[in-house]
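Student: give me a model of this one.
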Amino acid sequence: MNAKTKRIIGWVLSGVIAAFLIVASASGKFFDFEGKEEMFKKMGWSIDVMKKVGVVEVVVAILFLVPRTAFIGAILLSAYLGGATAAHVRIEEPFFIPIVMGVLAWVALGLRDPRVFALALQPPKNET
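Tutor: Model (predicted):
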């Protein structure tokens, strides 16, 4: 697979991840729907707190899409998804989706920018 194809796949995957975060996940934190309060209460969060979490989710997704901030965006996205994983584990719900999304985000970024894979695969320096 050539570099251009990898970049395209990386951008498509990044777009899908960001769209999922913004459209499927964050939007539910901003708009009312039946059972919303009960769902958030089960998770231990108020609606006001979840709106703030939704803002963080959107900001992190945008940072991930902007090439200049993509690396820090991926780090923040990993932290956000780690919190989501912990929240789902705590209430004994399936928690594999945030983990898979975190892994896919780093794969997508590595396909967009090969320096990410080079950094991850670089052997540690012997410090003596």
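Student: helix, strand, or coil at Glu94?
Tutor: I think there's a mix-up here, since residue 94 is Pro and not Glu. At Pro94, secondary structure determined by DSSP: H, G, I helix; E, B strand; the rest coil is coil.
Student: pLDDT wise, what is it at?
Tutor: Pro94 carries a pLDDT score of 88 in this model.
Student: check Met101 too.
Tutor: 96.
Student: who's in contact with it?
Tutor: Met101 sits next to Ile17, Phe20, Leu21, Leu81 when contact means Cβ atoms under 8 Å, 6 or more residues apart in numbering. In this view, the C-beta of every residue, glycine as well, is placed from N, C-alpha and C.
Student: now do 10 Å
Tutor: For Met101, the contact set (Cβ atoms under 10 Å, 6 or more residues apart in numbering) comprises Val16, Ile17, Phe20, Leu21, Ser25, Leu77, Ser78, Tyr80, Leu81, Ala84, Thr85, Ala108.
Student: again with Ala61
Tutor: Per Cβ under 10 Å, 6+ apart, neighbours of Ala61: 14, 17-23, 25-26, 73, 76-77, 80, 105.
Student: just for the chain, where's the confidence low?
Tutor: 127-128 (pLDDT under 70).
Student: give the next helix or strand downstream of the lengthiest helix in it.
Tutor: Longest helix in the chain, counting residues (DSSP state H): helix 70-90. Downstream of helix 70-90, the first helix or strand assigned by DSSP states H and E is helix 96-112.
Student: who are the contact partners of Leu119?
Tutor: By Cβ under 10 Å, 6+ apart, Leu119 lies in contact with Phe71, Gly110, Asp113.
Student: how close does Ala120 get to Gly83?
Tutor: For Ala120, the distance to Gly83 (Cβ to Cβ, to the nearest Å) stands at 23 Å.
Student: when the two are compared, which one has more neighbours?
Tutor: Ranked by neighbour count (other Cβ atoms under 10 Å), Ala120 and Gly83 place Gly83 first, with 13 against 9.
Student: and the gap between that one and Arg112?
Tutor: 24 Å.
Student: just put the contacts of Leu119 in CSV and tack on neighbour count and distance to Pro124.
Tutor: Output for those, formatted as CSV (neighbours: other Cβ atoms under 10 Å; distance: Cβ to Cβ, whole Å):
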residue, neighbour count, distance to Pro124
Phe71, 16, 19
Gly110, 19, 19
Asp113, 18, 21
